[in-house]
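Novice: need coordinates for the below:
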Amino acid sequence: MHARSRDGRAGVRGRPLVNTPTLYFAATGGLTAPAQRWLRPVLGAWPSMAPEWRAMLADELVEFLDPAGRGAGHDAIPGAVLAVVGPGVRPSVVDRLLEALSTRCAPAVILVEKPEDWALFQRHGVIFLAHDAGAEMIASMLYALMERQPAVRLLAHEIDLALRCQGGIRNEMDRLHEELHLAAALQRDFTSSPLPRVPGLDINVLFRPVNFVSGDVYSVREVGPSRVAFFVADAVGHGVPAALLTMVLTSSLMAAAASSAASEPHSPAHVLARLNERLCASCLGTGRFATAVYGVIDAETRKVTVAGAGHPLPILLSGGESSEIETAGPLLGVFNDAEFDQREIALADDDMLMLYTDGLDAAFPLEASGAQRAVLKRDRWIADLARGAAGARRGATSGLLSELQHRLDVQAGSMHGGDDVTALCITACAA
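Specialist: Take a look at the predicted model:
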């Protein structure tokens, strides 16, 4: 027999070997000379040179394997366990042992009186045999289990590293998630204001950011008796950079409107020119720009003055038909000396003026292909909206936008939008 003593060092009952392949032998009380009866025959039948070994009581083995106790840590042990459970031992003792073995990824052969009672628990490298199992069979099983243990230890170590990385990533994602929620709340507070209630006008908006924060921004505010200024803009890009640009747009818009009020009161072209100058100064060299539409409407005369800056053209929905309001102007934040034109129209009763961002074009692709690419057809949703607007009355605009939102959900899914969507509708209501 090539067996070594308790810790392989002259028979001293010392600290168990935890960094070398070791056979841990444990027995419950009530057994007579368990080491002589089982351990020594198994070591004598070992297929090669017998391993280091360590004998202890079953409770000591559980304590040793427990990473929360005084054991050797969380890693899988480099050896295997041979345990003998005597007759009359409570099942809870075996349960504790199985739990400890599983925690440390420790393979084991457990000798019990009736192994068939534990057949359901024979997994993860734990084998139940009868007390009278042959020493050669036990030795072969333990030898095979110990030979595979280096691979198990490596896998356990990699899994532990993966779990730690996962925990770190989860914490980082939670932090970013919280920061984006705060950023979205701050953006809403800074850029959005309640829609004014103006006699003779029905004003509603559909605003659907695709992420926490949005690259779209809108503003509707009263600028005098029965006069309302409206603004819709779309910053280039998505996410936080675009959202920051919307905040620059919002703050610059108020300053641009104030500076133009003295020289050219309520002139949309002049407001966009001042806004463009401020945006060019703020975004110099960053390559950031935006599209926008700015206009003013008089609720009494129904006169609308509107100017655009590279933005999708405003749509006039009247009598079941739709038409675009041509507004010429370059992108905001590109050319410092850019000039903008403005158009004037008059709304009849129940006419609807609609301003929107290109997120709607992304959700409803234009119906054009082949030779028809140069002649882009009006989207079906605009035609449907025009027919709905023909019968709209005061308060009905919100219903039309709700229907539009439903169509967006059907088209792209409420959780899978491709771009931010904003649609601002202003309807002239009969007195």
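Novice: which residue ranges of the stretch 151-300 of the chain form helices?
Specialist: Taking DSSP state H, counting those that start in this stretch as the criterion, the stretch 151-300 of the chain carries its helices at 239-263, 268-282.
Novice: what residues does the longest one touch?
Specialist: What it means is helix 239-263. For helix 239-263, the surrounding residues in contact (Cβ atoms under 8 Å, 6 or more residues apart in numbering) are 180, 183, 187, 190-191, 211, 213-217, 219, 223, 229, 231, 233, 235-237, 267, 270-275, 277-279, 282-283, 288, 290, 292, 294, 332. Heads up, the C-betas are built off the backbone N, CA and C, glycines and all.
Novice: not counting its neighbours along the chain, what's nearest L180?
Specialist: Sequence neighbours aside, F212 is the residue nearest to L180 in space, at 3.9 Å (criterion: Cβ to Cβ, 6 or more residues apart in numbering).
Novice: actually D234, not the one I typed
Specialist: What sits nearest to D234 in space, not counting adjacent residues and going by Cβ to Cβ, 6+ apart, is T357, at 4.3 Å.
Novice: pretty sure that neighbour contacts P312?
Specialist: Yes - between T357 and P312 there is a contact under Cβ atoms under 8 Å: 6.9 Å.
Novice: what touches both of the two?
Specialist: T291.
Novice: what about I110, neighbour count?
Specialist: Residues lying near I110 (other Cβ atoms under 10 Å) number 22.
Novice: tell me the contacts of it?
Specialist: Residues counted as contacts of I110 (Cβ under 8 Å, 6+ apart) are 81, 83-85, 94, 97, 118, 126-129.
Novice: now intersect those with the helices, please.
Specialist: Those of those mapping onto helices are 94, 97, per DSSP state H.
Novice: just among the contacts of I110, which is most surrounded?
Specialist: Highest neighbour count within the contacts of I110: V81, with 26 neighbours (other Cβ under 10 Å).
Novice: hang on, that one packs against A27?
Specialist: No - here V81 lies out of contact with A27, judged by Cβ under 8 Å, at a distance of 11.3 Å.
Novice: which is the next helix or strand following the helix or strand containing L43?
Specialist: Using DSSP states H and E, the element containing L43 is helix 40-44. As assigned by DSSP H and E, the chain's next helix or strand after helix 40-44 is strand 52-57.
Novice: mean confidence score for that next one?
Specialist: For strand 52-57, mean pLDDT is 92.
Novice: keeping just the C-alphas, turn it into CSV.
Specialist: Taking Å, rounded to 0.1, in the frame of the first residue of the first chain, the C-alpha atoms of strand 52-57 are listed here in CSV:
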residue,chain,number,x,y,z
GLU,A,52,-2.5,12.6,0.0
TRP,A,53,-5.3,11.9,2.4
ARG,A,54,-7.0,13.4,5.4
ALA,A,55,-9.4,11.8,7.9
MET,A,56,-12.0,13.6,9.9
LEU,A,57,-15.5,13.4,11.3
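Novice: give me the below-cutoff pLDDT ranges for the stretch 1-150 of the chain.
Specialist: 1-19, 67-75 (pLDDT under 70).
Novice: redo that, cut-off 80
Specialist: Along the stretch 1-150 of the chain, the model assigns pLDDT under 80 to residues 1-20, 66-76.
Novice: ranges for the helices of it?
Specialist: Under the criterion DSSP H, counting those that start in this stretch, the stretch 1-150 of the chain carries helices at the ranges 34, 40-44, 58-65, 91-103, 135-191.
Novice: got it, and the stretch 301-431 of the chain?
Specialist: Using DSSP H, counting those that start in this stretch, helices in the stretch 301-431 of the chain cover 359-363, 380-390, 397-412.
Novice: which of those has the lowest average pLDDT?
Specialist: When these are compared by mean pLDDT, helix 380-390 comes last with a mean of 66.
Novice: OK, contacts around the closest residue to P47 other than its chain neighbours?
Specialist: Spatial nearest neighbour of P47, chain neighbours left out: Y143 (5.0 Å); criterion: Cβ to Cβ, 6+ apart. Contact analysis of Y143 by Cβ under 8 Å, 6+ apart lists 46-48.
Novice: one more: N276?
Specialist: For N276, the contact set (Cβ under 8 Å, 6+ apart) comprises 309, 332-333, 335-336, 338, 340.
Novice: repeat that for Y294.
Specialist: Applying Cβ under 8 Å, 6+ apart, we find Y294 in contact with 229-231, 253, 268, 271-272, 275, 306-309.
Novice: from the residues you listed, pick the one nearest C425.
Specialist: Nearest to C425 among the contacts of Y294 is F230, at 10.2 Å by Cβ to Cβ.
Novice: wait, that closest one sits on I426?
Specialist: Yes - look at F230 against I426 with Cβ under 8 Å: they come within range, at 6.7 Å.
Novice: so what sits against both of those two?
Specialist: Shared contacts of F230 and I426, defined by Cβ under 8 Å, 6+ apart, are found at 203, 297.
Novice: quick one: low-confidence parts of the stretch 201-350 of the chain?
Specialist: 237-241, 255-266, 282-288, 319-320.
Novice: ranges for the strands of it?
Specialist: Using DSSP state E, counting those that start in this stretch, the strands found in the stretch 201-350 of the chain span residues 201-208, 216-224, 227-235, 290-298, 303-309, 315-318, 321-324, 342-346.
Novice: cool, thanks, talk later.
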